[in-house]
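> Model the structure of this input:
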Amino acid sequence: MKIIILLLIAIVTFASDTVHFQSKILEKVLSDISTPKKLKIWTDDIKILNELKDHKVLNMVNHICDSNLVIIKNKKHLSKDCKADFIFVLKYNLLNEIPNSFGAMFWKKGRPNIVIIEPRINKQNISISKDLEPYLEERVW
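Numbers count the residues shown, from 1 in each chain. Okay, the predicted model is just below:
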């Protein structure tokens, strides 16, 4: 019984650390882009939304219609009524499924990966810092 309790505690701790780590990466990526408009950010991942809500630089909003940058984990959460100017996805396959998404952060083999599609950021007038240049790709693979 003690082993099961310890295992559950370890799983919960790892899961919360993963969300925290993912949120820190997103903070860095979003802080290193600039757009023609001041960003108002919404995500369909409530854990990430709660983690980023207290960030001093990022302007997180509670509803997709109030945002102009959407961080999407599930395509069904995109609203037909509220069009986002910028879309960043949390699964690589969504880069193909959502053609106006400009980048992705996803996990592969237990490690975080960042991809930013250069033609898409150019088309959307998104500038990135030098720190993000290693993550630029010409196309979705």
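> any idea where the helices of this structure begin and end?
Using DSSP state H, the helices of the chain run over 2-31, 46-52, 93-97, 118-123.
> least reliable of the ones you listed going by mean pLDDT?
Lowest mean pLDDT within those: helix 2-31, at a mean of 62.
> Quick check: phi and psi at the nearest residue to residue 37 once chain neighbours are set aside.
Nearest residue to residue 37, sequence neighbours excluded (CB to CB, 6 or more residues apart in numbering): residue 68, at 5.6 Å. Placement of C-beta: from N, CA and C, glycine included. With angles defined as degrees, to the nearest 10, residue 68 sits at phi -120, psi -10.
> Contact partners for residue 68?
Applying CB atoms under 8 Å, 6 or more residues apart in numbering, we find residue 68 in contact with 35, 37, 39-40, 84-86.
> Among those residues, which ones are in strands?
residue 86 (DSSP state E).
> Filter the contacts of residue 68 down to the buried ones.
35, 39-40, 84-86 (16 or more other CB atoms under 10 Å).
> got the residues you listed as CSV, with distance to residue 51 columns?
Below are the buried ones among the contacts of residue 68 laid out as CSV (distance: CB to CB, whole Å):
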residue, distance to residue 51
35, 22
39, 17
40, 17
84, 20
85, 23
86, 20
